[in-house]
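S.K.: Sequence plus the predicted model coming up.
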Amino acid sequence: MVSIDSLRVSDSPRSAGEDAEHIRTLAESGVELPPIVVMSSTKRVIDGMHRLRAAELRGAAEIAVRYFDGEEKEAFVLAVTCNIAHGLPLSLDDRKAAATRILRTHPLWSDRVIGRATGLSAKTVGTLRSCSTGGVPQSNVRIGRDGRSRPLDPTEGRRLAGRLIQENPSAPLRQIAAKAGVSLGTASDVRKRLRRGESPLPGRDRRREDAADAEPSPARIDRTEKSRPSRALLLSHLSRDPSIRLTEDGRVLLRWLNVVTVRSQDWARLLGNVPPHRVTVIAELARGCADTWRQVAEHLEKVAVDLTNVRTTDDETLGQAHRARLRSGA
């Protein structure tokens, strides 16, 4: 029980504000009202403004509350979710407006997750997303109801799975699938394709990729970059790997990678602000960084090849031992 005077007005998803008739109905009902939901850090009402006003109308000085611990953007999602089914449900326009706001604060959430929170279909949320590209951050990844992130382009997930398998051929398929954001069946199919010496992509996607690579164009570099897993996606998966993020050296490496990851579309803005008298110095520093990272890449690629060779040698040794046991009748 808390003092009504200590509470702040909610950040309501209702465009029309409070409904006086509904407040009067609650006040005159005489029943004990359920606790309202209040943000613990700010004392702002998240859900229950009509119940709060009804309690005031009854002359109460205190009201029962349940506290919510979290950020403002999570509190708004909770406010919407609480008001799509009980009490005085949100109108369709209010639910659409709420979904548009959640798209801005949670751009990685899938259309289905946002639809579930706002009482809308995934198709409606998808339409709102496509119509709000100016204000909604775009990403190649979506987070589903199970909390897993998945790439929008399935071919990107397959390419990433193929790269992960090549880097660590002995890694469990479940680990590969989780890091690449693909299903276990897809990870298994990618591994089988690589063992047969094929591309990780199915025929149709592979033909599309080959055509893009073969087509001469001034924008060829940009298309080639898009055909690979995005650096943001690779870095996101890498930062969630416990073997990296839970070690001091791993965290240092992630900081390095975060600092040096520059998207090609940012070049014009960044380089356009370089003072003319510092162009040569920055160019030399950039070239030095590029040389260092090239050596890092070459070293890691050599390590990957050595690991693959060791794995292949071990498999051959095991196979020879197995055949020898068969010949001896063991």
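M.R.: Okay, I see it.
S.K.: Now stretch 160-176: average pLDDT?
M.R.: Stretch 160-176 shows a mean pLDDT of 86 in the predicted model.
S.K.: So which bits of it are buried?
M.R.: L160, A161, G162, R163, L164, I165, N168, P169, L173, I176 (16 or more other Cβ atoms under 10 Å). Glycine gets a C-beta too; all of them are placed from N, C-alpha and C.
S.K.: need the next SSE after the helix or strand hosting A98, C-terminal direction.
M.R.: Assigned by DSSP states H and E, A98 belongs to helix 92-105. Downstream of helix 92-105, the first helix or strand assigned by DSSP H and E is helix 111-118.
S.K.: And that next one, what does it pack against?
M.R.: Contacts defined by 3 or more Cβ pairs under 8 Å, 6 or more residues apart in numbering; DSSP states H and E place helix 111-118 against helix 72-82, helix 92-105, helix 122-131.
S.K.: Out of those, which gets nearest to G48?
M.R.: For G48, the closest of the helices and strands packed on helix 111-118 is helix 72-82, at 8.3 Å, according to Cβ to Cβ.
S.K.: quick check: angle from the closest one to helix 92-105?
M.R.: Per axes from the mean of the first three to the mean of the last three Cα atoms, to 10 degrees, the angle that helix 72-82 makes with helix 92-105 is 150 degrees.
S.K.: What helices and strands are in contact with helix 72-82?
M.R.: Counting contacts by 3+ Cβ pairs under 8 Å, 6+ apart, helix 72-82 packs against strand 36-39, strand 45-47, helix 92-105, helix 111-118.
S.K.: Identify each buried residue in whichever strand or helix holds D189, please.
M.R.: Here D189 sits within helix 184-195, counting by DSSP H and E. For helix 184-195, the neighbour count (16+ other Cβ under 10 Å) marks T186, A187, D189, V190, R191, R193, L194 as buried.
S.K.: Now S15: closest residue in space, sequence neighbours ignored.
M.R.: Once flanking residues are discounted, S15 sits nearest to D94: 5.5 Å by Cβ to Cβ, 6 or more residues apart in numbering.
S.K.: ok, so what distance separates that neighbour from R58?
M.R.: Counting by Cβ to Cβ, to the nearest Å, the gap between D94 and R58 amounts to 27 Å.
S.K.: returning to that earlier point: could you dump the helices and strands packed on helix 111-118 into CSV and include distance to G250, mean neighbour count and mean pLDDT?
M.R.: What follows is the helices and strands packed on helix 111-118, written out as CSV (distance: least, Cβ to Cβ, whole Å; neighbours: other Cβ atoms under 10 Å; pLDDT from 0 to 100):
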stretch, distance to G250, mean neighbour count, mean pLDDT
helix 72-82, 29, 19, 88
helix 92-105, 30, 18, 89
helix 122-131, 34, 16, 84
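S.K.: Including distance to H299, could those go into TSV?
M.R.: Shown next, in TSV, are the helices and strands packed on helix 111-118 (distance: least, Cβ to Cβ, whole Å):
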stretch	distance to H299
helix 72-82	42
helix 92-105	41
helix 122-131	42
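S.K.: do you know which of these lies nearest E21?
M.R.: helix 92-105 (17.4 Å).
S.K.: Just want the angle from the closest one to helix 111-118.
M.R.: Using the same axes, to 10 degrees: helix 92-105 against helix 111-118 is 130 degrees.
S.K.: State whether L120 and K96 are indeed in contact, as I suppose.
M.R.: Yes: using Cβ atoms under 8 Å, L120 is in contact with K96, at 6.9 Å.
S.K.: what ranges do the strands span in this structure?
M.R.: Along the chain, the stretches classed as strands by DSSP state E are 2-3, 36-39, 45-47, 62-63, 65-68, 141-143, 149-151.
S.K.: before we move on, back to that, nearest to A297, out of the buried residues of stretch 160-176: which one, please.
M.R.: Of all these, A297 sits closest to R163, with 12.8 Å by Cβ to Cβ.
S.K.: how near is that closest one to T105?
M.R.: 32 Å.
S.K.: Name all residues that make contact with D111.
M.R.: A122, K123, V125, G126, R129, R142 (Cβ atoms under 8 Å, 6 or more residues apart in numbering).
S.K.: hang on, the earlier thing: what residues are up against the residue nearest to S15?
M.R.: P13, R14, S15, A16.
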